[in-house]
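S.K.: Need the 3D shape of this:
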Amino acid sequence: MRIHELKQRLREAGAGPSHEQRILRLWSHALPRNSGRRLPASFFPSSLLAALPSIEAELAGLARIHAVHPGADGSERLLVALADGQTVESVLLPRDGLCVSSQVGCAVGCRFCMTGRDGLLRQVGSAEIIAQVALARMRRPVRKVVFMGMGEPAHNLDNVMEAIELLGTVGNIGHKNLVFSTVGDPRAFERLQQARVRPALALSLHTTRADLRKKLLPRAPNMTPEELVGAGERYARASGYPIQYQWTLLEGVNDGPEEIEGIVRLLCGKFGVLNMIPFNAVEGVAFSRPSLERCEQMARTLHQRGVLTKLRHSAGQDVDGGCGQLRARAAEARVVPIRFAQLSEATQFQT
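M.R.: Modelled structure (predicted):
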């Protein structure tokens with residue numbers, strides 16, 4: 001189901017704008033129909049009251065939690081079963097965050113990611129995305145939603161943008177607390193600029209070398225690292241939110257002096273932050289993570305040279321934390337900031 005289809009059904013059942021907003025708010029917050037000051041019988045037209053049970057049953061049937069895997073860091077990795085039997089993953093993060101999936105599988109085929117191994121199986125509908133949020137809110141508060149789970153949001157723009165608009169309005173998520181993560185796509189940058197709800201943006205950079213990026217992200221749109229950072233900088237200035245540049249640290253691949261120089265060249269002075277995430281081991285993948293000492297040294301060097309850098313650890317690494325691993329197993333960012341001496345005002349990133 002798509003959100004616009006749900007809205008159409010509500011209108012056909014006699015819902016006005018205020019009725020529609022209330023139903024969407026209650027659904028996205030996982031609240032019962034009788035929540036609020038006014039009881040439905042005194043507020044909703046009789047035709048809508050008659051139609052609601054079947055609509056609510058269909059919404060409840062969009063997704064269910066198939067398995068819960070709690071992590072030692074307070075995260076919970078949820079394996080979510082969709083109505084057609086496909087599964088996706090959501091992750092409840094520390095500090096009221098939620099990571100949601102936008103596709104079953106992925107077409108980008110990142111070499112270090114489990115999700116893309118089977119390619120793209122299907123898109124996740126906008127209502128199914130909201131259903132992931134509702135399921136999570138049944139377990140704990142959710143005040144931040146990041147589109148960093150299974151799939152490439154830029155390849156499912158209509159559904160993702162519908163979900164973002166709902167979450168940023170009746171879903172009561174602050175716009176800067178909605179994070180659209182992408183490998184980069186000109187269509188996505190254009191669409192985000194025009195959106196009613198403009199989320200924060202996370203860009204999967206991973207390397208400053210165009211040739212290496214093609215190898216690591218073989219089916220990503222043909223944007224060089226320079227083009228990607230340029231597009232990100234324009235969006236950051238327009239939206240007012242710093243870009244989150246994502247960098248999965250791979251031992252002997254993108255953790256050397258050449259990459260440090262490239263990062264300084266590309267990101268020094270930009271309105272953004274570099275998130276360095278040590279590789280989360282994936283069975284059958286030939287990459288490995290650098291030592292903690294190497295990761296800390298790289299982050300420290302970049303920070304000292306004017307690039308705001310945070311070393312992050314994926315939430316739930318003790319419960320198959322990498323995207324797609326839990327789903328694959330079923331089928332067969334505690335954040336750790338690096339504390340350094342404060343940079344001078346001239347080189348501080350805005351946050």
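S.K.: what pairs with the most centrally placed residue in the chain across the strands?
M.R.: Against the mean C-alpha coordinate of the chain, by Cα atoms, centre = their mean, the closest residue is F147 at 1.6 Å. Under DSSP bridges, the beta-bridge partners of F147 are F180.
S.K.: pretty sure it is in contact with N177, am I right?
M.R.: No. Assessed by Cβ atoms under 8 Å, F147 is found out of contact with N177, at 11.9 Å. (C-beta placed from N, C-alpha, C; glycine too.)
S.K.: ok, the residue nearest to the centre of the chain to A154 distance?
M.R.: Taking Cβ to Cβ, to the nearest Å as the measure, F147 falls 10 Å from A154.
S.K.: Give the burial count for M150, as a bare number.
M.R.: 26 (other Cβ atoms under 10 Å).
S.K.: Tell me the secondary structure at the nearest residue to it once chain neighbours are set aside.
M.R.: Leaving aside its chain neighbours, M150 sits nearest to S101 (3.8 Å; criterion: Cβ to Cβ, 6 or more residues apart in numbering). Here S101 is coil, with the state taken from DSSP: H, G, I helix; E, B strand; the rest coil.
S.K.: Report the contact partners of S101.
M.R.: 80, 88-90, 124, 129, 132, 149-151, 323 (Cβ atoms under 8 Å, 6 or more residues apart in numbering).
S.K.: Just put those in a markdown table and tack on pLDDT, secondary structure and distance to K310.
M.R.: Shown next, in a markdown table, are the contacts of S101 (pLDDT from 0 to 100; DSSP: H, G, I helix; E, B strand; the rest coil; distance: Cβ to Cβ, whole Å):
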| residue | pLDDT | secondary structure | distance to K310 |
| --- | --- | --- | --- |
| V80 | 98 | strand | 28 |
| V88 | 97 | strand | 27 |
| E89 | 96 | strand | 23 |
| S90 | 97 | strand | 23 |
| V124 | 98 | coil | 29 |
| I129 | 98 | helix | 27 |
| Q132 | 98 | helix | 26 |
| G149 | 94 | coil | 20 |
| M150 | 96 | coil | 24 |
| G151 | 96 | coil | 24 |
| C323 | 54 | coil | 20 |
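S.K.: Taking the residues you listed together, which two end up most distant?
M.R.: Pairwise distances among the contacts of S101 were taken by Cβ to Cβ; the largest, 15.2 Å, belongs to I129 and C323.
S.K.: where exactly do the strands run in this protein?
M.R.: With DSSP state E as the criterion, the chain has strands at 63-70, 76-82, 87-93, 97-99, 103-105, 120-123, 144-147, 178-182, 200-204, 243-249, 272-278, 309-311.
S.K.: List the buried residues for the third one?
M.R.: The neighbour-count criterion (16 or more other Cβ atoms under 10 Å) identifies 87-93 as the buried residues of strand 87-93.
S.K.: Repeat that for the second one.
M.R.: By neighbour count, with 16+ other Cβ under 10 Å as the criterion, the buried positions of strand 76-82 are 76-80, 82.
S.K.: go on, stretch 280-287?
M.R.: 280, 282, 285, 287.
S.K.: before we move on, what about stretch 184-199?
M.R.: Those buried within stretch 184-199 under the rule 16+ other Cβ under 10 Å are 184-185, 188-189, 191-192, 197-199.
S.K.: Which secondary structure element of this protein has the lowest mean pLDDT?
M.R.: When the helices and strands of the chain are scored by mean pLDDT, DSSP states H and E, helix 325-331 comes last with a mean of 47.
S.K.: Show me the shaky parts of this structure.
M.R.: 314-351 (pLDDT under 70).
S.K.: where do the helices sit along it?
M.R.: Using DSSP state H, the helices of the chain run over 3-12, 17-28, 46-60, 126-137, 157-167, 186-194, 210-216, 225-239, 257-267, 292-304, 325-331.
S.K.: The second one: which residues count as buried?
M.R.: When neighbours are counted by 16+ other Cβ under 10 Å, the buried residues of helix 17-28 are found to be 19-20, 22-28.
S.K.: Put together JSON lines for those, with distance to R294 on each row.
M.R.: Output for the buried residues of helix 17-28, formatted as JSON lines (distance: Cβ to Cβ, whole Å):
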{"residue": "H19", "distance to R294": "57"}
{"residue": "E20", "distance to R294": "53"}
{"residue": "R22", "distance to R294": "53"}
{"residue": "I23", "distance to R294": "52"}
{"residue": "L24", "distance to R294": "48"}
{"residue": "R25", "distance to R294": "47"}
{"residue": "L26", "distance to R294": "49"}
{"residue": "W27", "distance to R294": "46"}
{"residue": "S28", "distance to R294": "42"}
